[in-house]
Every structure is written in structure tokens, then in C-alpha cells.
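Novice: sequence? don't have it. structure:
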């Protein structure tokens, strides 16, 4: 008996040690492998359809699927990123003189400031205020340009990771079922719990792609078009920013377009104000309420706060890919705790929690009984 315990303990220690060493060795490729698995799960119906059409030629179907991802997803995304970087650098270099000219020129802002009490006492310090505002905006612009410069240094890493992802995808599409079965075999959970985790992963991934990504792209495109029609520089850059900001509940894209609308109003550009109010406020603002229930349905089954913090935390940890990874990790976190509650329900104490509302009702009932 002791010999068997020693054998299993030693084996388990070696498994953990060597697995930790292996994962540490390939940690720079883990994100590419994860994205390969994610995209493989998404396009697996297409791959199966192509396999049936090609009479069981899985390798050829995998090649065609990977090629379609390159031309339909990665190539347009690379072009978009190039345009975004170019416009962001241009905006960062031109924003300081624009702010200085905006403050100096007699606009609606000047007329508004003249109505402020003690404006005559503030007037002598006008040049100093303009100078400090220019320095502040210049600092922000320098930070933006430095961030973009460091971003461009990651281009080669992104290209290399994309190549790794596509290479891994080819094998995941052909032998992904075998690999998944092997992983689930080594996972010491009941089949019901394993299926529950897998279904949760699949449903949240589908909901994130359909909901967050599609709605974000549509809102960013509409708002970017509105910025272009309103004459605002860098519409692709601002549209991309608003596509990311669309994940924020209640506010979303308004964090970007509402200040722009106010600036256009102060400049007296009421045509641009109408364009932003209609396209960004009325059209893009209601797009989430109209499309999200149809696209997502009940796939996420998560509170808005979990979706918000999961997405923001995912962006903080994983970058832009966190828009997809964050909600998935959050959903798995909730699911694993639900499984824990089901498995250990016999050991967990009962909770008799009385809300304040119920307490008030019971107090009123007691008072009425005492009066009687």
C-alpha cells in the first residue's frame, strides 16, 4: 500500500514539475495556440462542410479554411491596423496646434467665457492658460506617439504569432477532436461537469463573437463614417477606438463622440453636430439594444458587470484580444464555481439570508399582530 502511494505521489510530482517546465518553455506561444483553438472551434462547421464536399480530404479542407482566414480576416485586419497607426500618429502631431488655435480663435467658446463672472480678472492669464493647455496636450500627444512607436515594434512578433496560429490551426482542424478527447480524459472531472464547461466555453465564445465583436465593428464603422462626414480628422482611428469602447455598458461610444459633438457645437459647426447626433446617437446608440438580443440571446447568461469587468480585465492582461478572451475566462470562472457548489453541496452550510425588504414586511406583520 505504501509503495503504491509513493509511486503515485512521485508520478504526480513529476507530472506537475515537467508540465510546469514545458509550459514555461513555450509560454510565448500559448496565446497563439489558444487563438488557434478558438478560431478552429469557430470555423469547424465550415471545415466539416468542406471535408464532405471534398469527399473526406481533411488536409485539403484545412488548407482551404486557413487560406480563407488569411484573406478574409488577417489581411484586412493588417491593412486596418496600418491605417489606424498612421492616422493616430497624424492626430498626435496635429492636436497641439489645433487646441491652441481653438482656444485663441473667437468662437462660441469665447462668447461663453465672456459671460463667466470675473472674466476680466482671468483675461490677463489667458496666454498662460493657453500655454499650459498646449503643454498638457503635447504631453498626451507624445505619450500617444511613443505608445504607437512601441506598438510598431511588436509588428514582427504579431506576424510570427499569426504564422504559428495558422500552422497550429491546420492540425487542430484535422485532429482537434482527438486532442480534445485526450485532454478531457486526463481531466479528473465527471463527464457531466466536463460537458458543462465545454458547452459554456462554446456558448460564450459564440456570444462574444456575435455580440461584442459584430456590434462593436458596426458601431465603430457607423461612428467613424459620421466623423468623416462631420470633417473630423482620423475617422478610422476614432471609429476603431469607439468600436472598443462599445463594450462599456450605458456609455459605450458616447465617451468619444459626445465630447466631439460638444466641440463642434462650440466651433459653430451645427451640420457636424446634427450628423453626430443622428448617426452616433440615434443609429449607433440604439444598435446595441436592437441587435444584441437577436445575436446573443441567452448564450452568455452573465450579468453586465461581469461582462464589463471581464472584458476590461481581458484587455488589460491580453491586449486587444482580451475583448474575446476576457468574457470567456469570466464565464468559465462562474461555471467552475457553480460546479463547485453542486459537487460540495452536502458540505456547504445552508444560508438563511433575510433581505431588508422581507425584514420590513415581517416587522410590519408583527406590529399589526400586536395591535390586534
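Specialist: Looks like it arrived, so ask away. All values derive from a computational prediction rather than experimental measurement.
Novice: show me where pLDDT drops low in the stretch 1-150 of the chain?
Specialist: 1, 88-150 (pLDDT under 70).
Novice: where along it do the helices fall?
Specialist: Secondary structure of the stretch 1-150 of the chain, counting by DSSP state H, counting those that start in this stretch: helices at 2-25, 30-53, 58-69, 75-104, 108-114, 119-122, 126-153.
Novice: other SSEs contacting the first one?
Specialist: If you count contacts as 3 or more C-beta pairs under 8 Å, 6 or more residues apart in numbering; DSSP states H and E, helix 2-25 packs onto no helix or strand. Backbone N, C-alpha and C define where each C-beta goes, glycine included.
Novice: which neighbouring elements make contact with the biggest helix by length in the chain?
Specialist: In the chain, taking DSSP state H as the definition, the longest helix is helix 155-186. Here helix 155-186 touches helix 30-53, helix 58-69, going by 3+ C-beta pairs under 8 Å, 6+ apart.
Novice: distance to residue 203 and mean neighbour count added to the ones you listed, as a markdown table?
Specialist: Written out in a markdown table, the entries for the helices and strands packed on helix 155-186 read as follows (distance: least, C-beta to C-beta, whole Å; neighbours: other C-beta atoms under 10 Å):
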| stretch | distance to residue 203 | mean neighbour count |
| --- | --- | --- |
| helix 30-53 | 11 | 17 |
| helix 58-69 | 22 | 17 |
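Novice: out of those helices, which is closest to residue 14?
Specialist: Counting by C-beta to C-beta, residue 14 lies closest to helix 30-53 out of those; the figure is 21.6 Å.
Novice: and the closest one, how far out from the chain middle?
Specialist: Going by C-alpha atoms, centre = their mean, to the nearest Å, the spacing between the C-alpha centre of helix 30-53 and its chain's C-alpha centre is 21 Å.
Novice: what does that helix rub up against?
Specialist: Identification of contacts with helix 30-53 by C-beta atoms under 8 Å, 6 or more residues apart in numbering yields 23, 26, 57-58, 60-62, 64-65, 68-69, 161-162, 164-166, 168-169, 172-173, 176, 202, 205-206, 209, 318, 321, 324-325.
Novice: for residue 261, which of the helices and strands packed on helix 155-186 is the nearest?
Specialist: Residue 261 sits nearest to helix 30-53 of all the helices and strands packed on helix 155-186, at 36.7 Å, using C-beta to C-beta.
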